[in-house]
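In: pasting a predicted model and its sequence here:
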Amino acid sequence: MFLFFSYSNFFFLCMALFLCHPCFPARIVPESVTVITSESQKTQRHNATWHEFSKFLHAERGSHVSGMSELKKYFHRFGYLSLPETTPNFTDTFDSQFESAVVRYQKRLGLQVTGKLDTETISAIVAPRCGVSDAATQGIHATRRYAYFNGKPRWTRGTPMTLTYAFSPTNMIDQVSVPEIRAVFERAFARWASVIPVSFRETPEYDRADITIGFYLGDHGDGEPFDGVLGVLAHAFSPQNGRFHLDAAETWSVDFKSEQSRVAVDLESVATHEIGHVLGLGHSSVKEAVMYPSLSPRRKKVDLKIDDVAGVQSLYGSNPNFSFSSLLQSQNSLNAAFGLETGFFKRTISLTVLILFLCA
Ligand SMILES: [Zn+2]
Ligand SMILES: [Zn+2]
């Protein structure tokens with residue numbers, strides 16, 4: 001079994017490297033990406049965060065690789081590794097504590113548990129993701145894999161509940177028009193509203209809105225600075241805070257046909273995910289769920305999956321017009337049509353991200 005996976009991974013890696021060159025003679029994810037921001041209106045250069053972590057591929061317990069302390073900081077940031085007790089900084093050695101962290105990470109992200117930095121794990125690490133820590137949540141269930149924030153906070157506005165949302169009057173972006181952004185968020189809120197007895201209404205009164213949405217660059221005053229192109233895409237706060245922040249440095253897209261950038265990120269997918277946090281959901285370990293923590297560039301994932309729906313309904317109850325059986329039926333037919341549950345398809349998706357970064 002072990003040999004099978006080794007040869008299999010090697011085969012796919014060779015395929016990935018082979019396919020990279022003829023298809024993408026230029027760098028897919030550039031070392032630095034030119035971004036014109038709405039705030040400064042001047043060209044800035046940012047690094048495509050985390051792509052250098054691909055050099056740790058195949059590291060395992062006992063490995064010593066220069067720069068691994070940076071990867072440990074990543075694991076610390078997202079809740080998998082505590083700060084060292086005896087030394088002031090992380091070391092570059094893959095020790096037993098780090099191995100345990102890798103195992104926790106692999107379990108939490110629904111990966112094969114090997115304790116090593118294998119292809120699938122590195123692919124997950126370098127993928128752009130949500131900035132909300134995976135440790136801020138609890139409640140991985142035996143049968144469901146959704147999670148809540150610690151303490152299971154939810155909005156309490158009576159029944160039926162209406163939450164208002166507003167866009168920042170100052171922190172928006174130029175690359176997507178305001179009407180397009182409004183349409184994206186209207187659809188994203190409607191998806192959640194269709195499964196729980198909660199409705200959402202846009203309001204022009206930003207200061208009085210329950211949910212406040214804006215695009216920010218770098219350090220924006222809440223202790224969770226954004227990091228430029230890719231890396232962290234967005235974050236949102238647990239109920240009943242309502243702050244919803246997107247990284248203004250991303251190439252936000254509402255239509256991949258007109259936005260050709262290889263680092264384009266689908267705004268609607270991220271909006272749908274972050275609304276889940278605003279409502280009280282944490283990260284899911286179901287890869288196809290909207291609440292899974294990472295999202296590859298140029299990927300659209302907006303449809304709520306059974307895991308997302310079960311999670312949010314356990315907080316708010318069900319919308320009387322919602323039917324679980326029809327959702328189940330539509331997802332089964334989708335899975336059958338696209339072969340979502342086959343090992344080949346899963347492996348291909350996880351490799352896509354790594355291909356991007358190895359070719360960089
Ligand atoms: Zn998230
Ligand atoms: Zn923020």
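Out: All right, it came through fine. Numbering: from 1, shown residues only. Ligands and ions are numbered 1, 2, ... in the order given.

In: ranges for the strands of the chain?
Out: 32-36, 43-47, 137-138, 148-149, 161-167, 198-202, 211-216, 234-236, 243-247, 251-253, 264-266 (DSSP state E).

In: what's the least confident stretch among the ones you listed?
Out: Of all the strands of the chain, strand 32-36 carries the lowest average pLDDT, namely a mean of 35.

In: so who does residue 104 touch?
Out: residue 80 (Cβ atoms under 8 Å, 6 or more residues apart in numbering). Where you see a C-beta, it was placed from the backbone N, CA and C, and this is true even at glycine.

In: the closest residue to residue 238 other than its chain neighbours: how many residues sit nearby?
Out: Using Cβ to Cβ, 6 or more residues apart in numbering and skipping residues adjacent in sequence, the residue nearest residue 238 is residue 149, 4.0 Å away. As a burial measure, residue 149 scores 19 neighbours (other Cβ atoms under 10 Å).

In: what's the spacing between residue 149 and residue 123?
Out: 27 Å (Cβ to Cβ, to the nearest Å).

In: ok, now residue 106?
Out: Counting by Cβ to Cβ, the gap from residue 106 to residue 123 is 12 Å.

In: again with residue 151
Out: Going from residue 151 to residue 123 by Cβ to Cβ gives 33 Å.

In: state the distance from the residue nearest to residue 238 to residue 256.
Out: Counting by Cβ to Cβ, the gap from residue 149 to residue 256 is 32 Å.

In: for residue 52, same thing?
Out: Counting by Cβ to Cβ - residue 52 and residue 256 are separated by 26 Å.

In: point out where this protein drops to low pLDDT.
Out: Within the chain, the ranges that satisfy pLDDT under 70 run 1-48, 136-144, 334-360.

In: near ligand 2, which residues of it are found?
Out: Applying Cβ under 5 Å from the ion, we find that the chain lies next to ligand 2 at 222, 224, 245.

In: narrow these to just the buried residues.
Out: Neighbour-count burial (16 or more other Cβ atoms under 10 Å) is assigned, among these, to 224, 245.

In: tell me the one of the residues of the chain next to ligand 2 nearest residue 93?
Out: Here the nearest of those to residue 93, counting by Cβ to Cβ, is residue 224; it sits at 28.9 Å.

In: correct me if wrong: that closest one contacts residue 131.
Out: Yes: the criterion here is Cβ atoms under 8 Å, and residue 224 meets it with residue 131 at 5.7 Å.

In: list residues touching both of those two?
Out: By Cβ under 8 Å, 6+ apart, the residues touching both residue 224 and residue 131 are residue 235.

In: so how far is stretch 108-123 off the chain centroid?
Out: Here stretch 108-123 is found 16 Å from its chain centre; the criterion is Cα atoms, centre = their mean, to the nearest Å.

In: swap that for stretch 301-319, sorry
Out: Distance of stretch 301-319 from its chain centroid, counting by Cα atoms, centre = their mean, is 17 Å.

In: what sits up against it?
Out: If you take Cβ under 8 Å, 6+ apart as the criterion, stretch 301-319 is touched by 144-148, 152, 154, 161, 187-188, 191-198, 266, 268-269, 272-273, 276, 279-281, 284, 286, 288-292, 295, 322, 324, 327-328, 331.

In: now the buried members of the residues you listed.
Out: 144-148, 152, 154, 161, 188, 191-193, 195-198, 266, 268-269, 272-273, 276, 279-281, 284, 286, 288-292, 295, 327, 331.

In: go through those residues and flag which are in helices.
Out: Within the buried ones among the contacts of stretch 301-319, residues falling in helices by DSSP state H are 188, 191, 192, 193, 268, 269, 272, 273, 276, 279, 327, 331.

In: got these as a markdown table, with distance to ligand 1 columns?
Out: Listed next are these as a markdown table, based on distance: Cβ to the ion, whole Å:
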| residue | distance to ligand 1 |
| --- | --- |
| 188 | 14 |
| 191 | 16 |
| 192 | 14 |
| 193 | 19 |
| 268 | 15 |
| 269 | 11 |
| 272 | 11 |
| 273 | 6 |
| 276 | 7 |
| 279 | 12 |
| 327 | 22 |
| 331 | 21 |
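
In: thanks again, I'm all set now.
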